[in-house]
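Student: Got a predicted model here, sequence first, then my questions.
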Amino acid sequence: MGAFDYPASPHQRRHGPQGYASVLSYRPWLRDEFTFRCVYCLIREQWGRVTGEFDVEHFRPQVSRPELGVTYDNLLYACHSCNLLKGAKELPDPSQVLTVETVRVNPDGSVEGRSPDARRLIAVLGLDSNSYRRWRSVWMRNVELAEEYDQEHFRRLMGFPDDLPSLDQSPPANTRPEGVQQSWYAKRQRAELPDSY
């Protein structure tokens, strides 16, 4: 397991909360849905401050699709930097496009897109820029050293946040209620939460 391993396959939504008036009400669901990391660059909540660093991002921009403003399936969990760079651009869905098959993260921190859509996302967001390469290689080395010399620190870097959101509260509607039992919080309650992801 590497610090920047993209998912093995396209993301299938587990949750389906509906009916909230505010987009921020979806944040706990999105944190769990996208495993507490940015869907684009994979920065983890555990690597910095959560407040101000992660946004609820509209995949289809609100400017062009205002009717999707509070639609869960149009929302992503992204770091503030990636959200700003994406802005109102119409881009391929990162939850479908950025996978192990289509993105290779090299030991030097560089990123290669293996499909036209992945290359487009990487280019628009600057994920292979010199600054991103340096940042990525530093974190790859931090995780590698922690795994080799300090297992407790490794679990802190690669494990789950302490404040896993309980999704037991009922939204106005939920099209995928079975997802609550598959949430990371519910897995921790059942002692099924892995040490790292």
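Tutor: In hand now; what should we look at? Numbers count the residues shown, from 1 in each chain.

Student: which stretches of the protein have low pLDDT?
Tutor: Counting by pLDDT under 70, the chain shows low-confidence ranges at 1, 50.

Student: Give me the longest helix you can find in it.
Tutor: helix 130-149 (DSSP state H).

Student: For the following helix or strand past that one, which helices and strands make contact with it?
Tutor: The C-terminal neighbour of helix 130-149 among helices and strands, as given by DSSP states H and E, is helix 151-158. Helix 151-158 is packed against helix 130-149, with contacts defined by 3 or more C-beta pairs under 8 Å, 6 or more residues apart in numbering; DSSP states H and E. C-beta: built from backbone N, CA, C; applies to glycine.

Student: what does the helix it packs on rub up against?
Tutor: 2-4, 41, 47, 105, 107-111, 126, 153-154, 156-158 (C-beta atoms under 8 Å, 6 or more residues apart in numbering).

Student: now these: which count as buried?
Tutor: Burial by neighbour count, judged by 16 or more other C-beta atoms under 10 Å, picks out 3-4, 41, 47, 105, 109-111, 154, 157-158 from the contacts of helix 130-149.

Student: quick one, what contacts residue 197?
Tutor: 1, 35, 158-160.

Student: ranges for the strands of the chain?
Tutor: All strands of the chain, identified by DSSP state E, fall at 17-18, 54-58, 75-79, 103-105, 111-113, 173-174.

Student: Any chance of those in a markdown table with distance to residue 24 as columns?
Tutor: What follows is those, written out as a markdown table (distance: least, C-beta to C-beta, whole Å):
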| stretch | distance to residue 24 |
| --- | --- |
| strand 17-18 | 12 |
| strand 54-58 | 6 |
| strand 75-79 | 10 |
| strand 103-105 | 29 |
| strand 111-113 | 30 |
| strand 173-174 | 18 |
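
Student: most tightly surrounded among those strands?
Tutor: Mean neighbour count, computed with mean count of other C-beta atoms under 10 Å, is highest for strand 75-79 among those, reaching a mean of 24.

Student: What angle do strand 54-58 and that strand make with each other?
Tutor: Interaxial angle, strand 75-79 versus strand 54-58 (axes from the mean of the first three to the mean of the last three C-alpha atoms, to 10 degrees): 140 degrees.
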